[in-house]
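Novice: Sequence and computational prediction follow.
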Amino acid sequence: MIEIKKLVKDYGELRAVNGIELKINDGEILGFLGPNGAGKSTTFKVLTGYLQPTAGNIFVGNKNIKDHSLEIRKMIGYLPENNPLYVEMTVYDYLRFVADIREIKDFKKRLKEVISQCGLHGVVHKPINTLSKGYRQRVGIAQAILHDPEILILDEPTSGLDPNQIAEIRELIIQLGKEKTLIISSHIMQEVQAVCDRIVIINRGEIVADGKTAELTENIDNIDKISIELKNAEAEDIFGLKETIQGITKISCEAKDDKLQAEIEYLAENDIREDLYLQIKKEKWILLEMHRKHASLEEIFRNLTSNGGNK
């Protein structure tokens, strides 16, 4: 288990991380989100031993980052956001170089496993500078898992990739998540929802949300929404529901052909669905569709980080 305790990191007078506390369980895939400058990469750099904390500490198992930095680094694989590769090397030479630094004894056996996992067949002996962005990301992930770490940290692993490449890297991440504890940073909300068990949002160096995706998207700001599609109803009739049904806070309508589409926001503590149905029946409107909507992860992200980051 990873435990971050009251972590603070300052760059001179600028505080990038402000006393965050977080526990990450073994085998968990955690999405670590935040706007540019929120403190995500700084947290990763402290966790991986690249930077020393100003205050607080990080524990991996029973080891802390201040006293056991080297031991913890051996347990972690890290793909930084800018994926620094020696592009003049071939894929084979680069991974051999990483293996020598990591003191991996059976390199050939491990190389075969990693090449298979990362789908690098056919490019092993090609210079990295001739590879597409997608393949370079695969090489970056390959170096991160070459020493078979218990923990894998991927900072923006799909940045700059096309939709096909994103799908390929996403599938690779899902497979790796079956074997390791994964921490992923991404600005692609669909990506995070597709692969992560849990989501943490950081803003201005502080954690502002932590939970399962379903938990985060339910009842944000204590507001729920219902979307309905009707026939034989006028917009002014729908707006009148605000006076007849308690708890409605906002109604928006749009007429399309002979149909009326409406979105009704209401206080989550008042489930209006039964009252709404009975009112529709009373007015003899034809109900074509009704479904409850929760806020999307993107809406939650904007809501919690609208004031921007401060790295």
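Specialist: Good, I have the coordinates.
Novice: Now do the end-to-end distance for stretch 198-212.
Specialist: Taking CA to CA, to the nearest Å, stretch 198-212 runs 4 Å from one end to the other.
Novice: swap that for stretch 146-158, sorry
Specialist: End-to-end distance (CA to CA), stretch 146-158: 19 Å.
Novice: What of stretch 91-111?
Specialist: 11 Å.
Novice: Over to stretch 85-105?
Specialist: Note: stretch 85-105 ends 22 Å apart using CA to CA.
Novice: what's the answer for stretch 276-296, then?
Specialist: 23 Å.
Novice: what comes into contact with that stretch?
Specialist: With contacts defined as CB atoms under 8 Å, 6 or more residues apart in numbering, stretch 276-296 is touched by 189, 217-220, 223-233, 237, 241, 244-245, 259, 263-264, 273, 303. In this view, the C-beta of every residue, glycine as well, is placed from N, C-alpha and C.
Novice: run the last query once more with 7 Å
Specialist: 217-218, 220, 224-233, 237, 241, 244-245, 259 (CB atoms under 7 Å, 6 or more residues apart in numbering).
Novice: now swap in stretch 99-119 and tell me
Specialist: Contacts to stretch 99-119, defined as CB under 7 Å, 6+ apart, come from residues 95-96, 121, 124, 138, 141-142, 145-147, 172.
Novice: Just the buried residues of stretch 247-256, please?
Specialist: By neighbour count with 16 or more other CB atoms under 10 Å, stretch 247-256 contains the buried residues 247-248, 251, 253.
Novice: So which residues of the chain form helices?
Specialist: 40-47, 69-74, 91-102, 107-118, 133-145, 163-177, 189-195, 213-217, 235-239, 241-244, 273-283, 297-305 (DSSP state H).
Novice: could I get those as a markdown table with distance to Ile20, mean pLDDT and mean neighbour count?
Specialist: Output for the helices of the chain, formatted as a markdown table (distance: least, CB to CB, whole Å; pLDDT from 0 to 100; neighbours: other CB atoms under 10 Å):
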| stretch | distance to Ile20 | mean pLDDT | mean neighbour count |
| --- | --- | --- | --- |
| helix 40-47 | 7 | 93 | 24 |
| helix 69-74 | 18 | 93 | 15 |
| helix 91-102 | 29 | 96 | 17 |
| helix 107-118 | 31 | 93 | 16 |
| helix 133-145 | 23 | 93 | 22 |
| helix 163-177 | 23 | 86 | 16 |
| helix 189-195 | 19 | 81 | 18 |
| helix 213-217 | 17 | 71 | 16 |
| helix 235-239 | 45 | 91 | 15 |
| helix 241-244 | 41 | 92 | 14 |
| helix 273-283 | 39 | 93 | 14 |
| helix 297-305 | 14 | 78 | 17 |
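Novice: Throw those into a markdown table and include distance to Val17, thanks.
Specialist: Shown next, in a markdown table, are these (distance: least, CB to CB, whole Å):
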| stretch | distance to Val17 |
| --- | --- |
| helix 40-47 | 5 |
| helix 69-74 | 17 |
| helix 91-102 | 28 |
| helix 107-118 | 31 |
| helix 133-145 | 22 |
| helix 163-177 | 25 |
| helix 189-195 | 20 |
| helix 213-217 | 21 |
| helix 235-239 | 47 |
| helix 241-244 | 44 |
| helix 273-283 | 43 |
| helix 297-305 | 15 |
